[in-house]
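*Asks:* With the input below, show me the fold.
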Amino acid sequence: MVHGALRHTRVMVAQQSSAQSAAKWRSEHDVWIDHASLKLSDAQWLAGVRRLTLWAVKIPEGFLSSLSQLEWLDIRGGSGTSIDVVNGCQNLTYLAVNQVRGLYDLSALSAQTNLRLLSLYGLPQVRILPSLANLLHLKRLEIGSMKGLAGLGPLLEAPYLEELLLSKALALTSIDPEAIAAHPSIRAFDWFAEDVPVKTWAPIVDRIGRPKARALSPSDWFDQNR
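*Replies:* Numbers count the residues shown, from 1 in each chain. You can find the predicted model right below:
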């Protein structure tokens with residue numbers, strides 16, 4: 001009987017995908033998956049997920065768009081070169097892309113028209129940013145540690161952006177501060193420039209002259225901006 005039970009347990013474990021075994025549920029609709037490979041069949045047990053954090057997870061094409069309830073997506077680490085995995089995700093209101101070292105193509109962001117909060121951090125290969133002109137619901141943008149940028153201009157095309165929070169080293173152009181200051185809806189701005197000389201960031205903050213954007217967790221921000 002003991003040997004039979006062990007065999008049954010092994011079969012059950014084998015039937016779970018690596019992603020399902022690695023999944024950590026933070027609530028009924030909120031899951032964190034760490035260092036695993038998703039398969040298209042994993043969409044069955046993830047069907048009701050609204051918040052998904054993926055840390056160094058391999059994502060098959062078309063997988064995320066099959067999760068019709070998905071509203072929050074946090075992608076961390078890994079080795080992808082583009083953010084095309086979000087294509088077809090119609091309901092995302094929050095997207096974070098963090099320290100995907102090989103990532104250089106963010107063009108898919110232009111189609112994420114329901115985003116309200118976008119966070120980009122630690123993407124050293126990104127040179128060109130996509131236009132956010134179609135992101136009519138975007139209210140808060142967090143961007144940091146992206147030294148290779150050719151400027152923030154395309155992000156500032158988000159017409160109703162209200163909060164802009166910069167962190168660490170960023171490659172701003174000479175016209176970016178003026179564009180931020182002239183943006184008709186940005187009401188809060190700050191730059192947490194831990195690794196940037198004061199003589200670089202302080203004049204920019206002064207020139208823009210907006211009240212400080214607060215550092216908030218996504219949950220706190222959404223709670224305050226229902």
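*Asks:* correct me, but K139 touches L117?
*Replies:* Yes: proximity of K139 to L117 meets the contact threshold set by Cβ atoms under 8 Å, at 6.9 Å. Glycine gets a C-beta too; all of them are placed from N, C-alpha and C.
*Asks:* These two - which one has more neighbours?
*Replies:* The neighbour count for K139 versus L117, taken as other Cβ atoms under 10 Å, is higher for L117 (22 against 18).
*Asks:* Check the spacing between the more buried one and L52 real quick.
*Replies:* 15 Å (Cβ to Cβ, to the nearest Å).
*Asks:* Lowest average confidence across helices and strands of the chain, where is it?
*Replies:* The weakest-scoring helix or strand in the chain, judged by mean pLDDT, DSSP states H and E, is helix 2-15 (a mean of 44).
*Asks:* Which is the succeeding secondary structure element to that one?
*Replies:* Later in the chain than helix 2-15, the nearest helix or strand by DSSP states H and E is helix 18-22.
*Asks:* Would you mark the buried spots in that next one?
*Replies:* S18, A19, Q20, A22 (16 or more other Cβ atoms under 10 Å).
*Asks:* Distance to V85 and pLDDT added to those residues, as TSV?
*Replies:* As requested, the buried residues of helix 18-22 are exported to TSV (distance: Cβ to Cβ, whole Å; pLDDT from 0 to 100):
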residue	distance to V85	pLDDT
S18	18	85
A19	14	93
Q20	19	94
A22	18	93
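*Asks:* Quick check: bridge partners of the residue lying closest to S18 once chain neighbours are set aside?
*Replies:* Using Cβ to Cβ, 6 or more residues apart in numbering and skipping the chain neighbours, the partner closest in space to S18 is A36 (4.5 Å). Using DSSP bridges, the beta-bridge partners of A36 come out as V57.
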